[in-house]
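need coordinates for the below:
(2 chains, ligands or ions: 2)
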Amino acid sequence: MADIAEVLIIGAGASGAVAAKHLSEAGVSVVCLEQGREVSADEFYGDKPEWELMSQRLWHPNPNVRGLPTDYPIDTSESDVNPLMFAGVGGSTLIYAAHWQRFMPSDFRVRTLDGVADDWPFTYQDLEPFYDFMDVEMGVSGLAGDPAYPPMTPPPLPPLPIGRIGRLAAKGMNDLGWHWWPAPQAIPSRAYRGRSQCARRGTCMQGCPEQAKASTDLTHWPDAIASGARLVTGARVRDITVNAAGLATGAVWIDRDGVEHHQQAEKVIVCANGVGTPRLLMLSGGGQFASGLANSSGLVGRNLMMHPYAATVGYFDEPLDSWLGPAGQAIHSMQFYETDKSRGFVRGAKWNAMPTGGPLGMRSAYGGAPLEEAWGENLHRSTQKRFGHSFEWGIIAEDLPDPENRVVLDDTLTDSDGIPSPKIIYRNSENTEKLIAFHLARQKEAMEACGATSISTTTLMRDCGWHLMGTCRMGNDPETSVLDQWGTSHDVPNLHVLDGSTFVTSSGFNPTATICAIALRSVLHMIETRAEQRTAS
Amino acid sequence: MSPLTDDQRRTLARIGDELIPAALGMPSFTEAGAADAMTDHVLSLRPELLSDLQQALDGIAADEAPAAATARLNRDDPEALGVIGLVASSAYYLMPGVRAIMGYRGQEHRPAGEEEEHDYLRDDLLQPVIDRGPIYRDPGAG
Ligand SMILES: Cc1cc2nc3c(=O)[nH]c(=O)nc-3n(C[C@H](O)[C@H](O)[C@H](O)COP(=O)(O)OP(=O)(O)OC[C@H]3O[C@@H](n4cnc5c(N)ncnc54)[C@H](O)[C@@H]3O)c2cc1C
Ligand code: SF4
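Ligands and ions are numbered 1, 2, ... in the order given. Below is the predicted model:
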């Protein structure tokens, strides 16, 4: 008997895991194909002395640096920013920092409020119940009442301590009369649903050895599998297949012995992230579509947004234990989040106050420094100045959608199965450059206000494409969007996309809370309308 | 088996001490004992560095003064200097003695006690933010 799944999910990261859990719990037969493998907590180096050494290679967020066969290499020769990700069960959440940020109401109405980009096909209020639900599933720690947001349901766990760096940063912000708040994180401040209390190792971005951080291999996959979802690892999808009627029929995938398989399905959900999803759609359709599957709008791969990241590091005389985790953020600020056109640009950014890690990590800050500054006696001088005595204010800069910023298929580069790799074409806009310059100038003031003895800035970090968004945007008009508000393709009614590709704008926030809330909203809608859909197809 | 020849290791020790000298209360690269087993350990975890390191060390003559060699590499072959510096500093900062002097216990297991939470509410650090009230734009309000 043919093995026909009701739903085939491609990618076992954040969105794929949310979809698999809820669909399988609703009794839907689910198969998920994931190119990576399962990773166990003892493979992470956060609890080993060699953590920093390994974070430069094996656990580097850039797949081109890791060079693992489970990754696909990416041509970044025409991009200002390198896209970052991880392939495995849990996807990029294995190495994310777990800042758990909602978007603001204004983020869904950018065209209406600021006259640029587009409005989303739903509002903050439409998404709010799903944000609440995800907070509980992930085990979010945070403090209710942040005046940067409308009143909301408190997260299930109390906030993690903000520590010495958070308190110092906060004092500076208070002096200036600027907003700050203990940061929300998908990291449990108490033991939660089988996960440990955060031990503050600060190695979250190289995997959490304590099994504390909410990565979806821990939060969602065990439930999905217990409910019958079938997860196939080492399964690299090459092609989403379609029939003569233009409906998706499943996908061709290659196992680690190089053998090709075809998984049939009634519906296909692509959750391969903002780069992997457009790549796969462009590869799909068996040559029936010149510009790829679901691409009558021509927008598959376009409007890539990656949140260019800039930062300010302040150095202080007092000991700050600034290797203590979580690695992501102690406090955040939305003082300069909303548009103020008098600044000469639109939109804004969230700031996050972060620790600065161990002694070796600080060494990378010397890249390009003159010999006598980087080495010799000055090595000790600068290490003593930085290590344990510094913190970073980072800027998550909102980049606006621009069709010229895009993912295309590379002409020559391939993955280990010979499948064409993606190429990124991405340039910072003038708006982004002005935005970053303004925010860096304010961060300098914030660092001075909290007593920094010296300050250094990074105007744009190249390895900062943590957030991959916009490449299959949602919208109501099939001519100007790829998906409808439920993540369903306008062209192929049984093909869905639920990852960060769906975003209409990028906001100035880390995206995963919103990716998961959108995935949940879409999947619950799919479950509600299941009977009608099955009869129709 | 050692990944470096005796000559390569001697060169690493000389250049390592030039890059990481004894100063400001810190031991030098060789005083810290980083040139031997810890260097091998680094190379076993990062085997992709080995051939570049060997090549960089082979390019330095036994009688070239360390200061002259680092200046030359910095000018003509910064990648070679980079790989020597990376291996040397990685081994150095992994030495338990070095970490002890720096007061670094590694990325510690230090779960927070409840008394560490909410300190900003107890001492009113957060109060001015609360007092200033909402700062978000309400799209409904236009
Ligand atoms: C270092 C780092 C730090 C981050 N920090 C934060 C943070 O603090 N807060 C936040 O909100 N976000 C953060 N992010 C982003 C966050 O990880 C992503 O937003 C989130 O994981 C995206 O979910 P996704 O489902 O879209 O894709 P992913 O989680 O990337 O999962 C996609 C999966 O699809 C698989 N796949 C792709 N192509 C194929 C194929 N052809 N066949 C089979 N499988 C395939 C991949 O292997 C992968 O496992 C961070 C990311 C990184 C890299
Ligand atoms: S800080 Fe907490 S979440 Fe991060 S790696 Fe450590 S224990 Fe895990």
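
excluding chain neighbours, what is closest to the residue of the stretch 401-537 of chain A found nearest ligand 2?
Going by C-beta to the nearest ligand atom, ligand 2 is nearest to A:T512 of the stretch 401-537 of chain A, at 14.4 Å. C-beta coordinates here come from the backbone N, C-alpha and C atoms, glycine included. Nearest residue to A:T512 in three dimensions, chain neighbours excluded: A:A14, at 5.4 Å (C-beta to C-beta, 6 or more residues apart in numbering or on different chains).

give me the nearest residue to the residue nearest the centre of chain A, chain neighbours excluded.
The centroid of chain A falls nearest to A:H467 when counting by C-alpha atoms, centre = their mean (4.1 Å). The spatially closest residue to A:H467, leaving aside those adjacent along the chain, is A:H307, at 4.5 Å (C-beta to C-beta, 6+ apart).

that neighbour reaches A:L400, doesn't it?
No: using C-beta atoms under 8 Å as the test, A:H307 is too far from A:L400 to be in contact (11.4 Å).

just to revisit the earlier point, for chain B, see how far away the residue nearest to A:T512 is.
25 Å (C-beta to the nearest C-beta, to the nearest Å).

residues contacting that residue?
Contacts for A:A14 (C-beta atoms under 8 Å, 6 or more residues apart in numbering or on different chains) come out as A:G91, A:S92, A:T93, A:T216, A:C271, A:D499, A:T512, A:I515, A:C516, A:A519.

in TSV: those, plus neighbour count.
TSV is the format used below for these (neighbours: other C-beta atoms under 10 Å in any protein chain shown):
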residue	neighbour count
A:G91	28
A:S92	24
A:T93	26
A:T216	29
A:C271	30
A:D499	35
A:T512	28
A:I515	28
A:C516	31
A:A519	27
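
who touches A:A186 in this structure?
Contact analysis of A:A186 by C-beta under 8 Å, 6+ apart lists A:A98, A:W100, A:M138, A:G139, A:V140, A:K213, A:A214, A:T512, A:A513.

which one (most neighbours) among those?
Most neighbours among the contacts of A:A186, by other C-beta atoms under 10 Å in any protein chain shown: A:K213, with 35 neighbours.

thinking again about what came up before, SS state for the residue nearest to the centre of chain A?
Look at A:H467: counting by DSSP: H, G, I helix; E, B strand; the rest coil, its state is coil.

spit out the contact partners of it.
By C-beta under 8 Å, 6+ apart, the contact set of A:H467 is A:G274, A:M305, A:M306, A:H307, A:I396, A:G500, A:S506, A:N510, A:P511.

how does it look with 7 Å?
Residues in contact with A:H467, defined by C-beta atoms under 7 Å, 6 or more residues apart in numbering or on different chains, are A:M306, A:H307, A:G500, A:N510, A:P511.

phi, psi for the residue in chain A positioned nearest to ligand 1 please.
With distances taken as C-beta to the nearest ligand atom, chain A approaches ligand 1 most closely at A:G13, which sits 2.0 Å away. Main-chain torsions, A:G13, degrees, to the nearest 10: phi -80, psi -140.

pLDDT at the spatially closest residue to it that is not a sequence neighbour, what is it?
Nearest residue to A:G13, sequence neighbours excluded (C-beta to C-beta, 6+ apart): A:G91, at 1.9 Å. Per-residue pLDDT puts A:G91 at 98.

now A:G91: how far from ligand 2?
Remark: distance between A:G91 and ligand 2 (C-beta to the nearest ligand atom, to the nearest Å) = 17 Å.

next one: A:D340
In this structure, A:D340 and ligand 2 are 35 Å apart, going by C-beta to the nearest ligand atom.

neighbours around the spatially closest residue to that residue that is not a sequence neighbour, how many?
Spatial nearest neighbour of A:D340, excluding adjacent residues (C-beta to C-beta, 6+ apart): A:G348 at 8.0 Å. By other C-beta under 10 Å, 25 other residues sit near A:G348.

element containing the residue nearest to A:H467, please.
Per DSSP states H and E, A:H307 falls between elements, in no helix or strand.

that one against A:A397, yeah?
Yes: applying C-beta atoms under 7 Å, one finds A:H307 in contact with A:A397, separated by 6.1 Å.

residues contacting B:T39?
Applying C-beta under 7 Å, 6+ apart to B:T39 gives the contacts B:L12, B:V87, B:A91.

okay, it and A:T505: tell me how far apart.
50 Å (C-beta to C-beta, to the nearest Å).

again, but for A:T277
18 Å.

rewinding a little: look up how far chain B lies from the residue of the stretch 401-537 of chain A closest to ligand 2.
A:T512 sits at a distance of 21 Å from chain B (criterion: C-beta to the nearest C-beta).

quick check: phi and psi at that residue.
Taking degrees, to the nearest 10, you get phi -70, psi -30 for the backbone angles of A:T512.

same check, this time on A:I240
Taking degrees, to the nearest 10 as the convention, A:I240 sits at phi -90, psi 120.

neighbours around it, how many?
Applying other C-beta under 10 Å, we find 26 residues neighbouring A:I240.

so what secondary structure elements neighbour the longest strand along chain A?
If you go by DSSP state E, chain A has its longest strand at strand A:260-270. Counting contacts by 3 or more C-beta pairs under 7 Å, 6 or more residues apart in numbering or on different chains; DSSP states H and E, strand A:260-270 packs against strand A:4-10, strand A:30-33, strand A:248-254, strand A:495-497.

if you compare the directions of the third one and strand A:4-10, what angle comes out?
So the one you mean is strand A:248-254. Interaxial angle, strand A:248-254 versus strand A:4-10 (axes from the mean of the first three to the mean of the last three C-alpha atoms, to 10 degrees): 60 degrees.

rounded mean pLDDT for strand A:248-254, please.
98.

give the buried residues for that strand.
Judged by neighbour count using 16 or more other C-beta atoms under 10 Å in any protein chain shown, the buried positions of strand A:248-254 are A:A248, A:T249, A:G250, A:A251, A:V252, A:W253, A:I254.

what residues are bridge-paired with the third one?
Which is A:G250. Note on A:G250: beta-bridge partners by DSSP bridges are A:T241, A:Q264.

state the distance from it to A:Y426.
Distance from A:G250 to A:Y426, by C-beta to C-beta: 32 Å.

now swap in the fourth one and tell me
A:A251 sits 28 Å away from A:Y426 when distances are taken as C-beta to C-beta.
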